[in-house]
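Chemist: Quick one: sequence and predicted model below, then my questions.
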Amino acid sequence: MIVVTYQLPPVANTLLGDPGKPCFSSPWFDECFPHIVCLKIIHRQSETNLFNCIYELEKGEISNESLELINSLSRPMNEEDSCVQLFARNVDVDLFNYNKLLNLTGELKVYKAHDEGDQHYLSKMIAPKNLGLKVGCSVMLKNLTDSLVNG
């Protein structure tokens, strides 16, 4: 069984030649998947007003009730610096992190990457070639070894 769902649009990856179009927009999609089933029963969401709001936002047709729900969620953040920040683009993440780093006291130490391996794959990596750090800055590792992992 293959299940295809609609979520956020895919992000293009020009390095891999991927234009970022959903698979269902492909000319061969209907031939490969002739049966389409639309699931309408919600099993794990009990707040129907929230589900309706999300559905309306997806369609771009928001009702007054959903707008009221969104506005009711607005509240001041006591410790905005400790809140998780979400960004859609890497450049925005890099700029945010850079500004946070500049606001820390202490000396900035810059570490230069020493990459080894196939240039074809190394050129596709988005890791920075130079990494600036200060004492006290947050760092997240991504599964480098069995002992250096995410978190």
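Modeler: Received it, and whenever you're ready, just let me know what you need.

Chemist: How about residue 18, nearest residue that isn't a chain neighbour?
Modeler: residue 12 (6.2 Å; C-beta to C-beta, 6 or more residues apart in numbering). C-beta here means a position set from N, CA and C on the backbone, and glycine is covered the same way.

Chemist: what about the residue nearest to the spatial centre of the chain, distance to residue 9?
Modeler: Centroid-nearest residue in the chain: residue 88, 6.0 Å away (criterion: C-alpha atoms, centre = their mean). Relative to residue 9, residue 88 is positioned 11 Å away (criterion: C-beta to C-beta, to the nearest Å).

Chemist: Repeat that for residue 44.
Modeler: 24 Å.

Chemist: Can you find which helix in this protein contains the most residues?
Modeler: helix 90-103 (DSSP state H).

Chemist: got the CA positions of it in CSV?
Modeler: Taking C-alpha atoms only, helix 90-103 is exported to CSV below (Å, rounded to 0.1, in the frame of the first residue of the first chain):
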residue,chain,number,x,y,z
ASN,A,90,18.5,28.5,6.0
VAL,A,91,19.6,32.1,5.4
ASP,A,92,17.2,33.3,8.1
VAL,A,93,18.4,30.7,10.5
ASP,A,94,22.0,31.7,9.9
LEU,A,95,21.2,35.4,10.4
PHE,A,96,19.3,34.7,13.6
ASN,A,97,22.1,32.5,15.0
TYR,A,98,24.8,35.0,14.0
ASN,A,99,23.0,37.9,15.8
LYS,A,100,22.6,35.7,18.9
LEU,A,101,26.2,34.8,18.8
LEU,A,102,27.3,38.5,18.5
ASN,A,103,25.2,39.3,21.6
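
Chemist: hmm, who's touching it?
Modeler: Outside helix 90-103, the residues that touch it by C-beta atoms under 8 Å, 6 or more residues apart in numbering are 85, 87, 108, 126, 132, 133, 134, 137.

Chemist: min pLDDT across those residues, which one?
Modeler: Of all the contacts of helix 90-103, residue 126 has the smallest pLDDT value, namely 75.

Chemist: now it, nearest residue through space, not along the chain?
Modeler: residue 90 (6.5 Å).

Chemist: Count the residues that sit near the one you found.
Modeler: When neighbours are defined as other C-beta atoms under 10 Å, residue 90 has 10 of them.

Chemist: swap in residue 47?
Modeler: 10.
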